[in-house]
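> Give me the fold of what follows.
(chains A and B)
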2 protein chains.
Amino acid sequence: MAVTRPGGPVDGSSPDAVSIAVPERASTGPVVARALRLLEAFSDERPTLTLSEISRRSGVPLSTAHRLVAALETWGAVERDPAGRYQVGLRLWEVGALAPRGPGLRERALPYLEDLCAVTRENVQLAVREDDEIVYVERLAGTQAVGVHIRVGGRWAMTATGVGLVLLAHAPPDVVERVLEGPFTRHTPWTLTDPARIRETLAAVRTRGYAVSERQITSDATSVAAPVRDATGEVVAALSVVAHHGNPPVSVLAPLVRTSAGGVSHALAAGRRPRRPR
Amino acid sequence: MAVTRPGGPVDGSSPDAVSIAVPERASTGPVVARALRLLEAFSDERPTLTLSEISRRSGVPLSTAHRLVAALETWGAVERDPAGRYQVGLRLWEVGALAPRGPGLRERALPYLEDLCAVTRENVQLAVREDDEIVYVERLAGTQAVGVHIRVGGRWAMTATGVGLVLLAHAPPDVVERVLEGPFTRHTPWTLTDPARIRETLAAVRTRGYAVSERQITSDATSVAAPVRDATGEVVAALSVVAHHGNPPVSVLAPLVRTSAGGVSHALAAGRRPRRPR
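Numbering: from 1, shown residues only, chains lettered A, B, ... in the order given. This is a model prediction of the structure:
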């Protein structure tokens, strides 16, 4: 530490460092923000990147990216593969595994998801809202299941999926207005793109207690979703089955999905997470 | 950006910020390192923390922690629960889910783990080495399984487990020497704590192609583990079965575990990860 006066130090960690006291809030946020922004360069399609690819994809100049990546690598947020390319580090995954809305929720919900998957033999999903999108926290593949396009940790638009419609129906008004401004990606002739129609759909979701997304992403699949609530009654997640359109009918799936979602809600309301198996 | 000259800017993002050009490398590393260090305050036992708990547990002064946590929260690395306590953010989990050595490895290994679990009806584990410890990447619970103390994303000492012995047997010499310096935690009378004995065990692991950890963590359980190799032949993970001590015998389990580990190795050598289910 080069400087210790309140207001914040600039650390002098290299021999030739210039140690000047400046308000730390002037640099802390941007430096940390830029370091974290570098992590966004990685994606499912691009799991390993060179330094210049990280720089280019994140819009951070190469010299800055070089220093920030070095800091990330020291801690283990990124690591290098045998070919020397950077990838997201195991350490980051370890810390991320502590996220209550990700693996924490998944762990408590899993027995209910497994039961629903075993009974329906269809794909079962669990998702939460992050900003204006949904993030899939778990997905179980049914033995007789229709093709599904999602991955765990992946994002999807809210209006095109059953879980998205449930989470949007219970989102704050500002989120709803932003989402309804569009744009909407049309996947099939049945994809919802009319804001007025979507508003009606959201009202129906609240009234009926479940959402049906009919053939919105592929023409052969329909999803039925229900809300998962925490101890205070707030909707914190949504659970769905994706099945072949019309088979089984929604009238069969909806009670099953609602029952499962209720089970997860009860587990969350019970508070403490279940003891880990010994 | 207040300054753009090479050497690195200090951003002036608040109205009263003092914008002075100093070598960014003097501050970047420490600021990013301290921000990431705050994340280490969270644990499985303490998934939510107040700001002062984060400060105390990470050893970062409260005022500094306040600013760093704000930067982490803006990006989504931490978020607040309804009670206002901080927790690891969903965003961090999303990025962590891209770690090739975590979920990437798990995805490719899962079919083999599931087969091994179905055949043995015992607990099946997949682990990698991180520094001087092992990290569990996946664990499947067998229907007739003995109790196991691990969690996915959790760490364990290398010498006390089958997967750890495999990974240590194939670790660089400096890692082996550091681990053999101890200290060793004795869980049962059978826990290995003698460095000479551990060296013999590691040699046997390399010769036989599998590791047996007998009753080291609990008196009723033994694990049998085998190495998973990448396309270059390097050991990148270990796969194990944990069963009741002596039943099934090691002579039955070892060929099964080696076959499964070989299957995962072939899948890794095949290079590209399997296409995601559509």
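> contacts, neighbours, all on C-alpha from now
Will do.
> Do you have the helices of the stretch 51-200 of chain A handy? List them.
Taking DSSP state H, counting those that start in this stretch as the test, the helices found in the stretch 51-200 of chain A are A:51-58, A:62-75, A:90-96, A:105-120, A:162-169, A:173-180, A:195-208.
> Pick the most deeply packed of those helices.
Across the helices of the stretch 51-200 of chain A, averaging neighbours per residue (mean count of other CA atoms under 10 Å in any protein chain shown) puts helix A:162-169 on top, at a mean of 29.
> ok, and what's touching it?
Contact partners of helix A:162-169, identified using CA atoms under 8 Å, 6 or more residues apart in numbering or on different chains, comprise A:126-129, A:133-134, A:157-159, A:175-176, A:201-203, A:205-206, A:210-213, A:223-227, A:235-240.
> Sort out for me which of the residues you listed are in strands.
The strands, defined by DSSP state E, take in A:126-129, A:133-134, A:157, A:211-213, A:223-227, A:235-240 from those.
> From B:Met158, how far off is the residue nearest to A:Val176 when sequence neighbours are not counted?
Counting by CA to CA, 6 or more residues apart in numbering or on different chains, A:Val176 lies nearest to A:Leu168, which is 6.3 Å off, once chain neighbours are set aside. A:Leu168 is 46 Å from B:Met158, where distance means CA to CA, to the nearest Å.
> With A:Arg34 instead?
A:Arg34 is 36 Å from B:Met158, where distance means CA to CA.
> Over to A:Val176?
Counting by CA to CA, the gap from A:Val176 to B:Met158 is 50 Å.
> same deal with A:Gly102?
To B:Met158, A:Gly102 is 28 Å away according to CA to CA.
> out of those two, which sits in the busier spot?
Set A:Gly102 next to B:Met158 and count neighbours by other CA atoms under 10 Å in any protein chain shown: A:Gly102 wins out with 27 against 23.
> isn't that one right up against B:Leu90?
Yes. Counting by CA atoms under 8 Å, A:Gly102 touches B:Leu90, with 6.0 Å between them.
> Chain neighbours aside, what residue packs nearest to A:Ala269?
Nearest to A:Ala269 is A:Ala231, by CA to CA, 6+ apart, at 4.0 Å.
> count of neighbours near that neighbour?
That count, for A:Ala231 with other CA under 10 Å as the rule, works out to 13.
> re the thing from before, can you select the buried ones from the ones in strands among the contacts of helix A:162-169 in PyMOL?
In PyMOL, this line selects whichever of those come out buried by 16 or more other CA atoms under 10 Å in any protein chain shown:
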select buried, chain A and resi 126+127+128+129+133+134+211+212+213+223+224+225+226+227+235+236+237+238+239+240
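> check contacts around A:Trp93.
Contact partners of A:Trp93, counting by CA under 8 Å, 6+ apart, are B:92-93, B:95-97, B:99, B:102, B:153.
> In TSV: those, plus pLDDT and distance to A:His244.
Shown next, in TSV, are the contacts of A:Trp93 (pLDDT from 0 to 100; distance: CA to CA, whole Å):
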residue	pLDDT	distance to A:His244
B:Leu92	93	34
B:Trp93	91	31
B:Val95	92	32
B:Gly96	92	32
B:Ala97	88	29
B:Ala99	92	33
B:Gly102	87	32
B:Gly153	66	35
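> which of these lies closest to A:His245?
B:Ala97 (30.8 Å; CA to CA).
> Touching, that closest one and B:Glu107? I think so.
No. The criterion here is CA under 8 Å, and B:Ala97 misses it with B:Glu107 at 10.8 Å.
> who touches A:Ala33 in this structure?
A:Ala33 makes contacts with B:71-72, B:75, as judged by CA under 8 Å, 6+ apart.
> Closest one of those to chain A?
B:Ala71 (4.9 Å; CA to the nearest CA).
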